[in-house]
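quick one, fold the following:
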Amino acid sequence: MVTTAWGIWTSRNEVRHGRSRKPAIVLARWKKNYLEEYLIANHVVRPYRESVEAVWQPPKPPWYKANMDGATFEQQKEVGIGVVIRDHHGIVVAALSKKLTAPLGALETEAKAMEEAVEFAWNIGIRDCVFESDAQIVTNAMLRLAEPPSSIDNIIAGAMSHLHKFWTVQFCHVQRSGNKAAHALAQFARGVSSLHA
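Alright, predicted model coming up:
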């Protein structure tokens, strides 16, 4: 509400100083984008102390579970993607550690990790898969529980465009401590130049 009032006030001042009046749809879009950017920029991750450390849980047969994570390497303007795919016995059937040259933020990197995991699972022949991420915003977007922020909207759309190929898919959120293997592979990507599987 405050952002809407501020947008109307700013537009009114621009008209008073000789600029043209903005249509309501332009003001509404500006307000939505501004608010999304503000929330992302001011999202503070507070340290969370888990009373019980989360552990990785295997999927039910005949499903596979793909865990993914992303890491940002700001000084190099690169990101690392890690994906681990395991069967219902917990046996690793495939893993990926990939470096991308792109100055992405943390949320964009997590969304890109999801997109890479979906493509990787399909390419190695997985058809029934649980995709598990420690990024709640990305998981909620894939579950269509919430609209993704505009900064990751296209990446989420890219990941979703591949889902129709699978027989069945599920998405779930896991605490970071239950996603250690994917996190390690994402960090490992700093030293690699291409795909390792």
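
low-confidence ranges in the chain?
Across the chain, residues meeting the criterion (pLDDT under 70) sit at 38, 41-52, 193-197.

strands along that one, start to end?
All strands of the chain, identified by DSSP state E, fall at 64-73, 78-86, 92-100, 128-133, 168-173.

can you tell me which residue is spatially central in this protein?
The C-alpha lying nearest the average C-alpha coordinate of the chain belongs to residue 111 (CA atoms, centre = their mean; 2.3 Å).

and that residue, how close does it get to residue 118?
Distance of residue 111 to residue 118, given as CB to CB, to the nearest Å: 11 Å. The way it works is simple: take the backbone N, C-alpha and C, and place the C-beta from them, glycine included.

any residues in contact with both of the two?
residue 159 (CB atoms under 8 Å, 6 or more residues apart in numbering).

who's in contact with the residue nearest to the centre of the chain?
Counted by CB under 8 Å, 6+ apart, residue 111 has contacts 135, 138, 141, 148, 152, 155-156, 159.

which of the residues you listed lies closest to residue 187?
Nearest to residue 187 among the contacts of residue 111, counting by CB to CB, is residue 135 at 15.7 Å.

tell me how many other residues crowd the closest one.
By the measure other CB atoms under 10 Å, the count of residues near residue 135 is 24.

tell me who's in contact with it.
The contact partners of residue 135, taken as CB under 8 Å, 6+ apart, are 70, 107, 110-111, 113-114, 173.

let's see that with 10 Å instead.
Going by CB atoms under 10 Å, 6 or more residues apart in numbering, residue 135 touches 68-70, 106-107, 109-111, 113-114, 141-142, 152, 173-174, 176, 179.

need the contacts of residue 111 in TSV (columns: distance to residue 126).
Listed next are the contacts of residue 111 as TSV, based on distance: CB to CB, whole Å:
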residue	distance to residue 126
135	20
138	19
141	21
148	24
152	23
155	20
156	20
159	15
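
most neighbours among those residues, which one?
Using other CB under 10 Å as the neighbour criterion, residue 138 leads the contacts of residue 111 with 29 neighbours.

surely it and residue 156 touch.
Yes: counting by CB atoms under 10 Å, residue 156 is a contact partner of residue 138 at 7.3 Å.

need the overlap of contacts for these two.
Listed as contacting both residue 138 and residue 156 by CB under 10 Å, 6+ apart are 111, 114-115, 148.

biggest separation within the residues you listed, which pair?
Greatest spatial distance in those: 115 and 148, 11.9 Å, computed using CB to CB.

what do these two both touch?
Common neighbours of residue 115 and residue 148 (criterion: CB under 10 Å, 6+ apart): 138, 142, 154-157.
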